[in-house]
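Novice: Predicted model, plus sequence, below.
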Amino acid sequence: MELPTDVLLVTANVGSLFDNVGEIECDWLRELFTTVHTYKPRFIAMHFQEVGGKDYSVNMAHAESFFGEIQYSSEMKDFDRACVYVDSHFKAEDNFTALGSMYFIHKSVKNVQQYDFSSRDFKSVSGHNKYMGSLDGVTTMEKEKFPKNFWTDIKWSRKGYMRTRWIIHNQGLDLVNVHLFHDASNLIACNSSPSVYSTNRQKALRYVIKRITDRIYSPMPFFLFGDFNFRLDTQSLVQNLSTSAEVQTVKKDSSNEVEKIIYEEKDNDHKVLLHIETKLFAYLHQAVFRENNGKELLKYDKEIEAFHDVIREEEILFPPSYPYSEDNTKPTQYMNTRCPSWCDRILMSHSARDVMLRGEEENNIVYNTLGPNVCMGDHKPVFLFFALKHNVH
């Protein structure tokens, strides 16, 4: 009887790596390879978002080097098959998602096939297959940028999804790389519960789930992993953090628009407890987001609740994955730009959760961040390690 296949799924928003070329990458790659060495998976799927960073027209030239560093490193030499997809053709504005997906198959794994969405059949995987650019005409993956008319009040950006489909020892899986919309303004995020941004993300995620389960292709167990940009329920959290504070709202002179909200402690010399602006979220006691891995704040992590009918997630036992300092000397400190949140996630359909082997050992399934004590950029990558059951049918 064949043993289960050990699988490692990784999601990483790599915008910081491209915005700071050469500054973080060496440590970042070391942490990635250390994780591979520690868990010794036989199948690896890595999903990247924001390839090229914010200034992608300048920094996209580094993509070939970055993905090559992973694909051809000595640490990956025992993976004799690889499939790499990088949507790097930024001039095709209607289709550009800045998503990248890498898949590695260990030489010990014999029975792996990949789906061709054009011929609608599975084919064996051999050698190294690398696709960079627009990805037009590549039939072993499908990608889509969210439609321009999705929301008229939100700037159209490089957000969307990319899907590949696999059979590993007779077990079929969809692996979907996802990047959803961010919170453009902390002030607007505070206005309602749920926020308008949360509502938009919910609509986008429903769209992705509908697309991958629409029966154009036979539905399969799926893993969705990427930067979902899920945020804490900011309005409820702020109310809780500032129960004994005095509030001062500052408006712009030329309009009635709120420019900043300042919460001061009633005693303690009126020290500023919390200061919120469009791109500022400065809380005096930042340690609360790291204490006990932020467990006390999980009650404000509500965005996935609307999807419990179709999606599950392993228990979160790590601190919020974003927004970490990009300063090498402050690898565990958050920036004061956004409220720390679990943006980077690995979600799964109920049927996918059923094919994960659950044993007596506590470390049978591991859901955690990469490089918790190393500067990895503003997002800590998140990984899931598990043993995939074989389908005997």
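Specialist: In hand now; what should we look at?
Novice: make it CA atoms for all contacts and neighbour counts henceforth
Specialist: Will do.
Novice: Now do the closest residue to residue 375 other than its chain neighbours: how many residues are near it, please.
Specialist: Spatial nearest neighbour of residue 375, chain neighbours left out: residue 331 (4.3 Å); criterion: C-alpha to C-alpha, 6 or more residues apart in numbering. Number of residues near residue 331 (other C-alpha atoms under 10 Å) recorded here: 19.
Novice: From residue 318, how far off is residue 331?
Specialist: Residue 331 sits 15 Å away from residue 318, taking C-alpha to C-alpha, to the nearest Å as the criterion.
Novice: Also residue 264?
Specialist: 30 Å.
Novice: which one of those two has more residues nearby?
Specialist: Per other C-alpha under 10 Å, whichever of residue 264 and residue 318 has more neighbours is residue 264, with 20 against 17.
Novice: contacting residues around the more buried one?
Specialist: 245, 246, 247, 248, 270, 271, 272, 273, 274 (C-alpha atoms under 8 Å, 6 or more residues apart in numbering).
Novice: want to try JSON lines for those, with secondary structure as columns?
Specialist: Shown next, in JSON lines, are those (DSSP: H, G, I helix; E, B strand; the rest coil):
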{"residue": "245", "secondary structure": "strand"}
{"residue": "246", "secondary structure": "strand"}
{"residue": "247", "secondary structure": "strand"}
{"residue": "248", "secondary structure": "strand"}
{"residue": "270", "secondary structure": "helix"}
{"residue": "271", "secondary structure": "coil"}
{"residue": "272", "secondary structure": "strand"}
{"residue": "273", "secondary structure": "strand"}
{"residue": "274", "secondary structure": "strand"}
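Novice: tell me how far the ends of stretch 109-129 are from each other?
Specialist: 17 Å.
Novice: try stretch 338-356
Specialist: Distance across stretch 338-356, first residue to last, is 34 Å (C-alpha to C-alpha).
Novice: Low-confidence bits of the stretch 151-300 of the chain, can you list those?
Specialist: 151-156 (pLDDT under 70).
Novice: hang on, the earlier thing: please indicate which of the contacts of residue 264 are buried?
Specialist: Listed as buried from the contacts of residue 264 are 245, 247, 272, 273, 274; burial here means 16 or more other C-alpha atoms under 10 Å.
Novice: is it true that the first one touches residue 262?
Specialist: This points to residue 245. No - the pair residue 245 / residue 262 is not scored as a contact, 9.3 Å apart, by C-alpha atoms under 8 Å.
Novice: Mutual contacts of the two, please.
Specialist: residue 273.
Novice: Brilliant, that's me finished.
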